[in-house]
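> 3D model of this:
(one chain, ligands or ions: 1)
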Amino acid sequence: MQTAMREVVRVVNALPASDGAGVKLNRVVGTPGLPDLDPFLLFDEFGSESASDYIAGFPDHPHRGFETVTYMLAGRMRHRDNHGHSGLLVSGGVQWMTAGRGIIHSEMPEQESGLMRGFQLWVNLPARDKMAPPRYQEFAPAEIPSVTPVPGVTIKVVAGRIGDVAGPVTGIAVDPIYFDLHLDPRVTFALPLTMGHAAFAFVYDGSATVGGATLAKRRLGVLGDGTTVQIASGEDEARLVVIAGRPIGEPVARYGPFVMNTRDEIIQAFQDYEAGRF
Ligand code: CO
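Have a look, this model is predicted:
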């Protein structure tokens, strides 16, 4: 098979935003500059050492028609929904929630001080799955495998596969990868990616050169197509996530926490929510 190198085609800055009950965060996908990157609808980094920035959390709110993925770097978040499901997300753990036809949930910090940090990603669902029953995949840090493709590079495989190592998250419509990469100083390696899948890299500590572009902290690089991307650190350690998935290619009708294919389906979502059918 031919190798085609992916290059960064666009660099996007994180925008300060707030969501839930005033949680301060940095939004990178889902902004006027980058409204989406099919199949990804939103990507936020939340993080603060100041409890007042996060303590009010995300009280009860609905979702329909897509998936929310919460990956914690530090701190603890309690999740609870209206179907009786609850779970505690800890540092290094992940929750991949397929909202499907609808849930109402809260995501609340379970700590009163110290560092809270993580990411929330929204992944769209194709029309055939938008009204599927809700599904949760939750994994503790110990259940997320790591690989070392070359000395000095460690990759936590949340979803997708590197060589023989597969992440614990399975059965997702867009066949995603979600990798958390830690690079020692001055290392270079090539990461294989599936041709045709949308992909981005987001640097959350240090800086890294990805697909020919040097990304400073809190910069997202949108990757052009190809089978592999070259990633390198500089004089310092670097930490980044690389996320990819198959584009869905369907019309997107989006209003707040509802993401459907048509405006009528959005109106139906509001009616179902207000009638208590979530
Ligand atoms: Co939510």
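> quick one, helices of the chain?
Taking DSSP state H, the helices of the chain run over residues 263-274.
> middle-most residue in it, spatially?
By Cα atoms, centre = their mean, the mean C-alpha position of the chain lies nearest to residue 121, the distance being 2.9 Å.
> What sits closest to that residue if chain neighbours are left out?
Spatial nearest neighbour of residue 121, chain neighbours left out: residue 69 (4.2 Å); criterion: Cβ to Cβ, 6 or more residues apart in numbering. Any C-beta I mention is one placed from the backbone N, CA and C, and that applies to glycine too.
> ok, the one you found - contacts?
Contacts for residue 69 (Cβ atoms under 8 Å, 6 or more residues apart in numbering) come out as 94-97, 119-123, 178.
> mind listing which of these are in strands?
Among the contacts of residue 69, DSSP state E puts 94-97, 119-123, 178 in strands.
> in this protein, which ranges drop under the pLDDT threshold?
Scanning the chain with the threshold set as pLDDT under 70 gives 1.
> Go again with 80.
1-2 (pLDDT under 80).
> now the ones in strands among the contacts of residue 69 in a markdown table, with distance to residue 225?
Shown next, in a markdown table, are these (distance: Cβ to Cβ, whole Å):
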| residue | distance to residue 225 |
| --- | --- |
| 94 | 27 |
| 95 | 30 |
| 96 | 25 |
| 97 | 29 |
| 119 | 24 |
| 120 | 26 |
| 121 | 21 |
| 122 | 22 |
| 123 | 19 |
| 178 | 19 |
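> between those, which is nearest residue 27?
residue 120 (9.7 Å; Cβ to Cβ).
> residues near that closest one, how many?
Neighbour count for residue 120, taken as other Cβ atoms under 10 Å: 21.
> Can you name the residues bridging to it?
For residue 120, the beta-bridge partners under DSSP bridges are residue 44, residue 70.
> still on that earlier bit, please report the distance of the residue nearest to residue 121 from residue 177.
12 Å (Cβ to Cβ, to the nearest Å).
> Mind listing the shared neighbours of these two?
Common neighbours of residue 69 and residue 177 (Cβ under 8 Å, 6+ apart) do not exist.
> just to revisit the earlier point, from the ones in strands among the contacts of residue 69, which would you call buried?
Burial by neighbour count, 16 or more other Cβ atoms under 10 Å: within the ones in strands among the contacts of residue 69 this picks out 94-97, 119-123, 178.
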